[in-house]
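[1] Generate a structure from the sequence data that follows.
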Amino acid sequence: MKMPSFLGQFPRDFNLCLAASFSAYSCISVFFLFPLVLDLKGYTPMAIGAAWIIFEFVLLGTRGWVNSWLTNHGSRLGMVLGSLSLAAGVSVLSADQHYGMVLIGRSLMGCGWGLFYIANTLHQVRVLPAPLLGRGFGLAGLAPLLPQLGLIPLAEWMVRHGNPGFIYALSISGCLLATAFSWSLSPCKSHSEAHVSLRKCLRESWSNPSLRALLLSGSLFALAAAGIMPYVANAAMEWGIAGSGFLWSEALSAFATRLVFGGWVDRYGKKLLFPSFGFIALGTVISMLGGTTAAFLAGGILYGVGMGMVYPLLYSLVSRSGNEDSRTALFTLFGTFIDLLWAIAPLAAAASAQFLGFGTVLRGMSILIAAIVLFMRARVWPWLD
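    As a prediction, the model looks like this:
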């Protein structure tokens with residue numbers, strides 16, 4: 001079968017990575033609705049938040065092991081093992097047992113996703129030609145978006161009508177497909193790469209102003225998603241609208257941005273940081289302060305444009321800043337800065353929502369994100385050389 005022209009310019013392994021990522025993200029994306037499943041079962045906001053963030057705590061707790069394991073075994077086996085662990089976690093959740101089993105299932109998912117995501121990114125970096133890094137990560141960034149476009153509205157409707165089994169079946173199928181695609185990859189391990197501890201990598205990266213700025217930018221990227229995305233459906237239910245209005249419009253605009261403008265990353269680089277994060281901040285303010293379907297649609301479009309550009313931009317900048325000898329450690333560290341916010345922000349939001357409601361919390365979060373973007377523009381991004 002002839003490869004489509006826009007994919008034919010990329011190596012075979014990149015296209016397999018892309019297929020595996022699309023499959024795995026069908027699991028992760030629809031699980032943005034898992035807090036809604038628990039909400040409808042009558043769990044408190046704190047219980048919902050704990051079930052969400054245990055995923056991140058396990059992911060963070062295994063970062064040192066992931067760094068060492070990928071250095072020794074390579075990214076292909078990392079993607080295979082990560083996909084299988086994801087599938088096991090979803091299977092536990094689908095049994096619909098007591099709350100303890102929910103925490104176990106989410107823990108297995110966290111371990112699997114932490115391994116799969118870093119391995120997938122490393123494999124892409126190692127097989128992509130340097131002139132195609134931005135375009136390649138732009139295409140790779142489509143993986144989280146297609147499930148939001150094609151599946152989340154349907155999945156939200158199914159969950160609200162008492163059929164959560166749809167998201168479980170869909171997720172397990174995606175994990176198994178990801179396993180098959182990952183198994184088809186060629187081994188891609190730098191045999192000259194020595195193991196570099198995350199502590200040493202952090203010390204060396206933090207002493208480099210450019211890398212420090214990129215690590216902090218990754219944290220802001222995570223906050224802009226983790227502070228909003230997990231509880232959009234919950235806040236929307238308080239306002240009497242559908243959360244898919246934001247999730248769908250955000251995914252559509254981010255999809256178009258990454259597909260059409262991903263090449264801009266290779267051309268303009270760091271100049272795109274403030275405009276991209278500015279769109280994210282403006283989109284969250286409009287959506288959350290508006291709290292209507294029209295505001296969700298308009299703000300979601302702006303938010304999606306920013307997210308669409310930030311993903312390939314940050315990963316391209318990190319790829320060009322690192323060196324081959326410590327690449328696994330650097331990407332694991334960068335992922336840790338992202339995932340740390342994915343642990344803290346949803347927990348803080350859920351704890352606050354226990355007293356204020358999800359709608360009020362997301363409105364406050366949108367103002368916080370806008371303020372941090374302005375601070376980064378004035379004090380942090382000038383560090384980039």
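
[2] ok, residues contacting stretch 94-105?
    38, 43, 47, 50-51, 54, 89-93, 164-165, 168-169, 172 (Cβ atoms under 8 Å, 6 or more residues apart in numbering). From N, CA and C alone the C-beta is placed, and that goes for glycine too.

[3] Relative to R126, which of those is nearest.
    Of all the contacts of stretch 94-105, R126 sits closest to G89, with 27.4 Å by Cβ to Cβ.

[4] CA atoms of the helix or strand containing the closest one as CSV?
    Secondary structure assignment for G89, by DSSP states H and E: helix 75-94. What follows is helix 75-94 as a C-alpha-only set of coordinates in CSV (Å, rounded to 0.1, in the frame of the first residue of the first chain):
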residue,chain,number,x,y,z
SER,A,75,12.2,2.5,23.5
ARG,A,76,10.5,-0.3,21.5
LEU,A,77,10.1,-2.6,24.5
GLY,A,78,9.2,0.4,26.6
MET,A,79,6.2,1.1,24.3
VAL,A,80,5.1,-2.6,24.3
LEU,A,81,5.3,-2.9,28.1
GLY,A,82,3.6,0.5,28.7
SER,A,83,0.7,-0.4,26.4
LEU,A,84,0.1,-3.7,28.2
SER,A,85,0.2,-2.0,31.6
LEU,A,86,-2.4,0.5,30.3
ALA,A,87,-4.6,-2.3,29.1
ALA,A,88,-4.4,-4.1,32.5
GLY,A,89,-5.4,-0.9,34.3
VAL,A,90,-8.4,-0.3,32.2
SER,A,91,-9.4,-3.9,32.6
VAL,A,92,-9.4,-3.5,36.4
LEU,A,93,-11.5,-0.4,36.2
SER,A,94,-14.0,-2.0,33.9
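
[5] So which bits of that helix are buried?
    75-90, 92-94 (16 or more other Cβ atoms under 10 Å).

[6] Can you name the next helix or strand after that helix?
    helix 99-127.

[7] for the record, mean pLDDT for that following helix?
    Here helix 99-127 scores 90 as its mean pLDDT.

[8] quick one: it to chain centroid distance?
    11 Å (Cα atoms, centre = their mean, to the nearest Å).

[9] mean confidence score for the helix or strand just after that helix?
    As assigned by DSSP H and E, the chain's next helix or strand after helix 99-127 is helix 133-140. For helix 133-140, mean pLDDT is 79.

[10] quick check: angle from helix 133-140 to helix 99-127?
    150 degrees (axes from the mean of the first three to the mean of the last three Cα atoms, to 10 degrees).

[11] mind checking pLDDT for D339?
    84.

[12] Would you enumerate the residues in contact with it?
    Taking Cβ under 8 Å, 6+ apart, we find D339 in contact with 56, 59-60, 63, 114, 222.

[13] could you redo the last one with a cut-off of 10 Å?
    Shown in contact with D339 (Cβ atoms under 10 Å, 6 or more residues apart in numbering): 55-57, 59-60, 63, 110, 113-114, 117-118, 218-219, 222, 226.

[14] for L122, same thing?
    17, 70-71, 74-75, 78-79, 188-190, 327-328, 330-332.

[15] Sort out which of those residues are in helices and list them.
    Counting by DSSP state H, the part of those found in helices is 17, 70-71, 75, 78-79, 327-328, 330-332.

[16] Around K271, how many other residues sit close by?
    Number of residues near K271 (other Cβ atoms under 10 Å) recorded here: 13.

[17] show me where pLDDT drops low in the stretch 151-300 of the chain?
    Within the stretch 151-300 of the chain, the ranges that satisfy pLDDT under 70 run 188-194.

[18] Show me the helices in it, by range?
    Counting by DSSP state H, counting those that start in this stretch, the stretch 151-300 of the chain has helices at residues 152-160, 165-183, 198-206, 209-226, 232-239, 244-261, 264-268, 273-290, 293-321.

[19] Those helices: which one's closest to P346?
    Smallest distance to P346 across these (Cβ to Cβ): 5.7 Å, for helix 209-226.

[20] That closest one to helix 293-321, inter-axis angle?
    Using the same axes, to 10 degrees, helix 209-226 lies at 150 degrees relative to helix 293-321.
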